[in-house]
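> Just a sequence and a predicted model for now, questions to come.
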Amino acid sequence: MSANKKPDRRILHCPLCVKATETLARHLARVCMKDKSPEERQAELQRAKDSTELWTRQGRVWDYRELFRWCPHAPTRRTLVQQLLKKEFLIQNLPPDFDDASLKWPLAERGAQSGDAQDSDTDD
Ligand SMILES: [Zn+2]
């Protein structure tokens, strides 16, 4: 038998005050739902567990191609991606050379409208 088995203490967010806690049932009973019935607290606890599961399955992972579509402004998108990564979100299809790729992609998708030597200066 494994002696150093850690108890499964999932961190959940209180649906009412949005505080993260390892002991949500106790938090609800002592703070946010102290006037409610055990059944009502149990329902909120279940709601928090379901929300966390859904977030883990769907909310944590982003697709860079969607971020690209929703956020066409390259510097803003780069900042957004950096913040998401910093907060441990997972990003699929992140360009391998992400830092400068975020500036190059818009040109590539538009069929390289600019960037060629053509548009330098046409003085007529
Ligand atoms: Zn709370």
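Yes, it's here.
> any idea how this protein splits into domains?
As assigned by automatic domain parsing, the chain contains the domains 10-59, 60-112.
> Determine the longest helix present in the protein.
helix 38-54 (DSSP state H).
> Just give me how far the next helix or strand after that one sits from the chain centre.
Counting by DSSP states H and E, the next helix or strand C-terminal to helix 38-54 is strand 61-63. Strand 61-63 has its C-alpha centroid displaced from the chain centroid by 7 Å (CA atoms, centre = their mean, to the nearest Å).
> which helices and strands does strand 61-63 pack with?
The contact analysis (3 or more CB pairs under 8 Å, 6 or more residues apart in numbering; DSSP states H and E) places strand 61-63 against strand 90-92. Glycine gets a C-beta too; all of them are placed from N, C-alpha and C.
> Which elements pack onto the strand it packs on?
On a contact count with 3+ CB pairs under 8 Å, 6+ apart, strand 90-92 meets strand 61-63, helix 64-70, helix 74-86.
> Report the mean per-residue pLDDT for that strand.
If you average the pLDDT over strand 90-92, you get 94.
> Please apply the same query to stretch 63-70.
For stretch 63-70, the per-residue pLDDT averages 95.
> In that stretch, which residues are buried?
Across stretch 63-70, burial judged by 16 or more other CB atoms under 10 Å covers 64, 67-68.
> nearest to the ion, of the residues you listed?
Proximity to the ion was ranked across the buried residues of stretch 63-70 by CB to the ion; first place goes to Leu67, at 31.3 Å.
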